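K.L.:
my questions concern the predicted model and sequence given below.
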Amino acid sequence: MKNRKRRFVNFNLYDYQAVEEHLSAMAARGWRLEKAGNQIWTYRRAEPAKVRYAVTYSPSLSQFDPGPTEGQERLEDLCAAAGWEKVCGWLQMQIFSTEAENPVPLETDEALRLENIHRTVKRHFYPAHFVMLPLSLFMLASFVNSLIRTPARVFGSNSRLFSGAMYLLLTVMLLVNLGAYWLWRRRSLRSVEAGGRCVRLGPGYRRIAWGTLGLVFILAAVYVLSSFLGSQKIYGVYFLVYLVFFTLLTLAVHGTKNLLKRRGVSRGKNMAATLTVDIVLALALVGGLTWSAMHFGWFTGGEGETYTYQNQTWDADPIDIPLTAADLTGQPVQHTRRDAMQDGTVFLSNQQYWETALVDGDLYVLSYDLRDVRAGWLYEPLLEELLGTEKRTGIPLMERRYVQEDASPWGAEAAWRQYWNETPGDSWLLCWPERIVGIRLDSVPPSAEEMALVGDLLGPA
Amino acid sequence: MAREKFQTLTEPMFYILLCLRRECCGADIAAQVRDLTQGRVSMGPGTLYNLLDSFLQAGMIRETRVEGRKRSYLITDRGREALEAEVCRLRTLLADYGRCPGGREEERS
């Protein structure tokens, strides 16, 4: 039989009634709070009992203070004299319990309690929210901008959709938190001025808080699952690796803070050291993962075995791609290197391929992408996005545009050729009902055979 | 509009300052307040701690002795002034109450 259990909690710092009621209910079921981590609380098994819990706030207390501080000791002594036993602290909340029948309440001045809560919120709740909110709003605005300007790119990437949803949820949660506190304080002020108590935080807020959190977990699970079930397993692996590293980072940061607290290091020195560990580990995490992804080619199918010839790196065992330089030239390829990248969602899949080959002593460069539109409504926005003009500043000003051509040689339903100003380029867009292919050829104009081959190999089966 | 801090005293503030006209340790204040008010005013330890802290920061009381974890306090001149001002305010209220027409004295006559 387990004598300890841990539970994920999602309380708000000022929602003291919820904390008190939760702990009394747990004690009645035979579980007493032992330790309160930021989000994970630990309970130990005990005889079920009617235990009253109450909390008070210490706004000046920091989580970096070597504990217990002189102020905490004074508070504990005063509470002990009144029959209240210290359970533990959670952020700036000090939790006490008593089994006495009619104890003196821990707080007997509601105005003072409200003022104390507000001081705590101003010092420890507002700063994080006021830093996070502009950041999340900026990221959300950037996502919405991408959604308007390049909807196909957004709907074609699980990662973009997932991160956009996360920014939205984060922004909603921050706004709901701030709004809920503002409302709670306004109502509590009115109630206290009328001689009443601080009001209870409504169940609506808790439902939103748990709902948002649930949605985050569901979306993360959907993201990972869709990555594994689809062709982009590496995105799911990357996300999970990131999550594991992030958890280790959090544990290391908390471990550092707690170790320094136990050793009696001052608040300032502890903050500086913990922040340094946090920044160094975060940089190592992001840098290390990015370097690994690039070095080991996580997103491009891996580097595989290579060799060097004429100062260039070539693949010993090149990957299979739908259309090769050998197909187009009809000649044997002596040396080649190939890359492939796949991404996609339930709306749109995108496969990109590159090949650089040495054909008859000359370099041959080929690249193309296949976009399969699974959601019909996305076809037109995607085509519009791909056909959009692009301007490159410089002298002379270069403008990219597409000019429609006869599609029949490609076996496609529509075809456009890229132009830079009035100069025809080496890229084409080929359209079929559910597939759009973009291809950049090495030698232009392509022959009728090459066009037919491209249509045959890259068009829908 | 928010009331300026300590411009007027709440009941708990008043009784803490009243008790600290004589040196007293924190834990004894609650008992003294209960005895003094015959149980009418009860002082929660959380409230007591926060008020003692606020009074110390405002210079209205000072720490006189520290014996282990036991700390004793005494009112300062500033605290005494605040207490006297509150008493004066209460007396004014009472006087106004007595002078106000429509009171019980007037009804009897």
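P.N.:
The structure has been received and is ready for your questions. All of these numbers come straight from a predicted model, not from anything done at the bench. Numbering: from 1, shown residues only, chains lettered A, B, ... in the order given.

K.L.:
low-scoring stretches of the chain, by residue?
P.N.:
In the absence of a named chain, chain A is used. Residues of chain A that meet the criterion pLDDT under 70 lie in A:230-232, A:297-303, A:391-396.

K.L.:
looking at chain B here, not the other one
P.N.:
Residue ranges of chain B with pLDDT under 70: B:1-5, B:103-109.

K.L.:
show me where it has its helices.
P.N.:
Counting by DSSP state H, chain B has helices at residues B:11-19, B:26-36, B:45-58, B:77-99, B:104-108.

K.L.:
what's the answer for the stretch 351-461 of chain A, then?
P.N.:
A:379-387, A:448-458 (DSSP state H, counting those that start in this stretch).

K.L.:
now render the helices of chain B as a markdown table, adding distance to chain A and mean neighbour count.
P.N.:
In this view, the C-beta of every residue, glycine as well, is placed from N, C-alpha and C. Formatted as a markdown table, the helices of chain B follow (distance: least, CB to the nearest CB, whole Å; neighbours: other CB atoms under 10 Å in any protein chain shown):
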| stretch | distance to chain A | mean neighbour count |
| --- | --- | --- |
| helix B:11-19 | 5 | 21 |
| helix B:26-36 | 4 | 18 |
| helix B:45-58 | 3 | 22 |
| helix B:77-99 | 16 | 13 |
| helix B:104-108 | 25 | 8 |
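
K.L.:
for the residue positioned nearest the centre of chain A, give me its contacts.
P.N.:
With distances taken as CA atoms, centre = their mean, the residue of chain A nearest its centroid is A:Ser163 (5.2 Å). A:Ser163 is in contact with A:Met139, A:Phe143, counting by CB atoms under 8 Å, 6 or more residues apart in numbering or on different chains.

K.L.:
so what's the residue count around A:Ala375?
P.N.:
Residues within reach of A:Ala375, counting by other CB atoms under 10 Å in any protein chain shown, total 12.

K.L.:
thought it was touching A:Ser349?
P.N.:
No: the criterion here is CB atoms under 8 Å, and A:Ala375 misses it with A:Ser349 at 10.9 Å.

K.L.:
within range of chain B, give me the residues from chain A.
P.N.:
A:54, A:56, A:71, A:73-75, A:77-79, A:81-82, A:84, A:94, A:104-109, A:111-113, A:116 (CB under 8 Å from any CB of the partner chain).

K.L.:
return the distance of the residue nearest to A:His118 when sequence neighbours are not counted relative to chain B.
P.N.:
Spatial nearest neighbour of A:His118, excluding adjacent residues (CB to CB, 6 or more residues apart in numbering or on different chains): A:Arg185 at 6.5 Å. Using CB to the nearest CB, to the nearest Å, one obtains 12 Å as the distance from A:Arg185 to chain B.

K.L.:
report the buried residues of the host helix or strand of A:Arg185.
P.N.:
Using DSSP states H and E, the element containing A:Arg185 is helix A:158-193. For helix A:158-193, the neighbour count (16 or more other CB atoms under 10 Å in any protein chain shown) marks A:158, A:160-162, A:164-171, A:173-174, A:177, A:180-181, A:184-185, A:187-189, A:192 as buried.

K.L.:
give me the number of residues near the closest residue in space to A:Ser157 that isn't next to it in sequence?
P.N.:
Nearest non-adjacent residue to A:Ser157, counting by CB to CB, 6+ apart: A:Asp343, 5.3 Å away. Residue neighbour count, defined by other CB under 10 Å, stands at 21 for A:Asp343.

K.L.:
got a list of what A:Asp343 touches?
P.N.:
Counting by CB under 8 Å, 6+ apart, A:Asp343 has contacts A:Gly156, A:Ser157, A:Asn158, A:Ser159, A:Gln232, A:Tyr235, A:Ser349, A:Asn350.

K.L.:
so what's it bridging to?
P.N.:
With DSSP bridges as the criterion, A:Asp343 is bridged to A:Asn350.

K.L.:
distance check, it against A:Arg160.
P.N.:
Noted for A:Asp343: a distance of 9 Å to A:Arg160, by CB to CB, to the nearest Å.

K.L.:
got it, and A:His335?
P.N.:
Plainly put, A:His335 is 36 Å away from A:Arg160 if you go by CB to CB.

K.L.:
with B:Pro45 instead?
P.N.:
54 Å.

K.L.:
ok, now B:Thr47?
P.N.:
With distances taken as CB to CB, B:Thr47 is found 53 Å from A:Arg160.
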